[in-house]
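Asker: Generate coordinates for the sequence data below:
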Amino acid sequence: MSVHVRPLPQHRRHGRKTLTGAAFLALFALAGCSFNNDALAPSGGAPPGSVTPIAPSAAEANAQPTLDPNQPAMGNSTFVSPGVTQARSTGTAVGQKVEQMRADLSGLQGNISQRNAQLTTLRQSISQTSQRYHGTVAAIATRLQIGTTPANPVLVEQWRGIQGSLDQLAADINSLNQLANQTAQDSSTASFILESARATLLLPGAIDEDHRQLRVLEDETNRTVVNIDRLLSELAADVTRQTDYIGSERANLTVLAAAVNAGQLYGPNLSTGRSIAGLSAANTPVPVAAPQGPVSVEGRQPLVVIRFDRSDVAYQQALYNAVSRALERKPDARFDLVSVTAVQGSPTQAALNTSQSRRNAERVLRSLTDMGLPANRVTVSATNNPRVASNEVHIYVR
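Answerer: Alright, predicted model coming up:
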């Protein structure tokens, strides 16, 4: 086998160059490589525009879909204004101020009614988009768990659909945030009306009816303030929870993209530990090292050794299994990725080996980030070793 996961013999440390995973990713991007989701497009597959439209899956058509239990619930309060009590004009200067404040409060409560209607519409949109999103994610995950071809065009198209759904969720959350800003302005207006009513009580030239109307106006303004505060609190909680959730789902989509490319479901996101749609990959056995296991170049036991002795080394599942188990034992673990170049042949061959070894490291690092491991938890380095027969990549835990 070309992927080894076991303790290996120790060997003296060779000189090497070191980069953090984030810096290595930056260099990789500058080299013309990309970590965006365009990698989902199957190589050699159907040309753009030739994919057959996909009918809704069984999960999408389910009238009562199972949503992700990790998704935070939205608030469900309704915000009804207490109303404004109308009264006859007293004809005094104070009475005229009361009439103006009453009109201002009535306009403010009209704004709150509009905010409540907008909130109801946004909640309905978020609920519908969430059902569509989670239904399709579950359908993709189920297909991957059963097994399918790498970069299956049907799954690629479905993945693009759920990316669009997540973008719509993000847009709705942004609208909630704008609604919260507008409500904050309403809160300032309510505070101004309340302070004006209290100050008007101290003005001379008022009659008893003016003060009675002012006290009623003050009470109704206070109830409006309470209503606005409740609306602001619920909006803030919704925006915070849903924003955090969408951020974690972005990471899960990256893992799902890698799974679609591979045609198999790896398992939970290495960053969040959460399974996609509540599913996890089968417990795929880790390949056993050949008796003539590769040489350690770090003076310590590697977690994984990937020998690139051919062009189609299938290392991803074994790598995922090993790293996820390491994170189970040590959640804050960091990893050293060492690219080992075989020193053989002519100077030209050595240069070719060095270039290929760098590409091997890029490939493995991209696999780790696709699985959800943050790039800043991986340090990348390179070394030469005359004792290895072919280029290798070693993963160490620290």
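
Asker: Show me where the stretch 251-398 of the chain has its helices.
Answerer: 316-329, 347-370 (DSSP state H, counting those that start in this stretch).

Asker: most packed of the ones you listed?
Answerer: helix 316-329 (a mean of 19; mean count of other C-beta atoms under 10 Å). In this view, the C-beta of every residue, glycine as well, is placed from N, C-alpha and C.

Asker: Put the alpha carbons of it into CSV.
Answerer: Taking C-alpha atoms only, helix 316-329 is exported to CSV below (Å, rounded to 0.1, in the frame of the first residue of the first chain):
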residue,chain,number,x,y,z
GLN,A,316,-7.7,10.7,1.4
GLN,A,317,-9.9,8.3,3.6
ALA,A,318,-6.9,7.0,5.5
LEU,A,319,-5.6,10.5,6.0
TYR,A,320,-9.0,11.6,7.3
ASN,A,321,-9.3,8.6,9.7
ALA,A,322,-5.9,9.2,11.2
VAL,A,323,-6.3,13.0,11.6
SER,A,324,-9.8,12.7,13.1
ARG,A,325,-8.6,10.1,15.6
ALA,A,326,-5.7,12.3,16.6
LEU,A,327,-8.1,15.2,17.1
GLU,A,328,-10.4,12.9,19.3
ARG,A,329,-7.4,12.3,21.5
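
Asker: Could you check how far it is from the centre of its chain?
Answerer: 21 Å (C-alpha atoms, centre = their mean, to the nearest Å).

Asker: by contact count, what packs against that helix?
Answerer: Contact analysis of helix 316-329 by 3 or more C-beta pairs under 8 Å, 6 or more residues apart in numbering; DSSP states H and E lists helix 208-262, strand 304-307, helix 347-370, strand 392-397 as its packing neighbours.

Asker: Kindly calculate the angle that that helix makes with helix 347-370.
Answerer: Helix 316-329 runs at 60 degrees relative to helix 347-370, counting by axes from the mean of the first three to the mean of the last three C-alpha atoms, to 10 degrees.

Asker: circling back to that earlier point, confidence-wise, which of the helices and strands packed on helix 316-329 is weakest overall?
Answerer: The stretch with the lowest mean pLDDT among the helices and strands packed on helix 316-329 is helix 347-370, at a mean of 85.

Asker: elements contacting that helix?
Answerer: Against helix 347-370 (3+ C-beta pairs under 8 Å, 6+ apart) you get helix 21-30, helix 208-262, helix 316-329, strand 335-342, strand 378-385, strand 392-397.

Asker: Walk me through the domains of this protein.
Answerer: 3-39+278-397, 69-262 (automatic domain parsing).

Asker: show me what contacts residue 354?
Answerer: 341, 384 (C-beta atoms under 8 Å, 6 or more residues apart in numbering).

Asker: So it versus residue 301, what's the distance?
Answerer: 26 Å (C-beta to C-beta, to the nearest Å).

Asker: ok, now residue 193?
Answerer: Residue 193 is 72 Å from residue 301, by C-beta to C-beta.

Asker: which stretches of this structure aren't confidently modelled?
Answerer: 1-72, 268, 271-298 (pLDDT under 70).

Asker: What is the three-state secondary structure of residue 122?
Answerer: When classified by DSSP: H, G, I helix; E, B strand; the rest coil, residue 122 comes out as helix.

Asker: Was I right to think it contacts residue 177?
Answerer: No - if you go by C-beta atoms under 8 Å, residue 122 and residue 177 don't touch, sitting 10.5 Å apart.

Asker: Comparing the two, which shows the higher neighbour count?
Answerer: residue 122 (19 against 16; other C-beta atoms under 10 Å).

Asker: Okay, strands next: where are they in the stretch 1-150 of the chain?
Answerer: For the stretch 1-150 of the chain, the strands defined by DSSP state E, counting those that start in this stretch occupy 3-4, 17-20.

Asker: Turn the domains of the chain into JSON lines, including distance to residue 269.
Answerer: Listed next are the domains of the chain as JSON lines, based on distance: least, C-beta to C-beta, whole Å:
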{"stretch": "domain 3-39+278-397", "distance to residue 269": "4"}
{"stretch": "domain 69-262", "distance to residue 269": "5"}
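
Asker: rewinding a little: out of the helices and strands packed on helix 347-370, the one nearest residue 146 is which?
Answerer: When the helices and strands packed on helix 347-370 are compared by C-beta to C-beta, helix 208-262 sits nearest residue 146, at 12.5 Å.

Asker: and the closest one, how far from the chain's centre?
Answerer: Distance, centroid of helix 208-262 to centroid of chain: 20 Å (C-alpha atoms, centre = their mean).

Asker: Show me what it is packed against.
Answerer: helix 93-146, helix 153-200, helix 316-329, helix 347-370.

Asker: Relative to residue 252, how far out is the closest residue to residue 125 other than its chain neighbours?
Answerer: Ranked by C-beta to C-beta, 6 or more residues apart in numbering and with sequence neighbours excluded, the top spatial neighbour of residue 125 is residue 172, at 5.3 Å. According to C-beta to C-beta, residue 172 stands 19 Å off from residue 252.

Asker: before we move on, what about residue 73?
Answerer: For residue 73, the distance to residue 252 equals 19 Å [C-beta to C-beta].

Asker: Neighbour count for these two, which is higher?
Answerer: residue 252 (23 against 9).

Asker: Just list the residues touching the closest residue to residue 217 other than its chain neighbours, thanks.
Answerer: Once flanking residues are discounted, residue 217 sits nearest to residue 197: 5.3 Å by C-beta to C-beta, 6+ apart. Shown in contact with residue 197 (C-beta under 8 Å, 6+ apart): 101, 214, 217-218, 221.

Asker: Recalculate using a threshold of 6 Å.
Answerer: With contact taken as C-beta atoms under 6 Å, 6 or more residues apart in numbering, residue 197 is in contact with 101, 214, 217-218.

Asker: now the residue lying closest to residue 340 once chain neighbours are set aside: how far from residue 89?
Answerer: With sequence-adjacent residues excluded and distances taken as C-beta to C-beta, 6+ apart, residue 340 is closest to residue 392, at 4.3 Å. For residue 392, the distance to residue 89 equals 91 Å [C-beta to C-beta].

Asker: How much space separates the nearest residue to residue 98 once chain neighbours are set aside from residue 390?
Answerer: Leaving aside its sequence neighbours, residue 98 sits nearest to residue 213 (C-beta to C-beta, 6+ apart; 5.1 Å). Distance from residue 213 to residue 390, counting by C-beta to C-beta: 91 Å.

Asker: Thanks again, I'm all set now.
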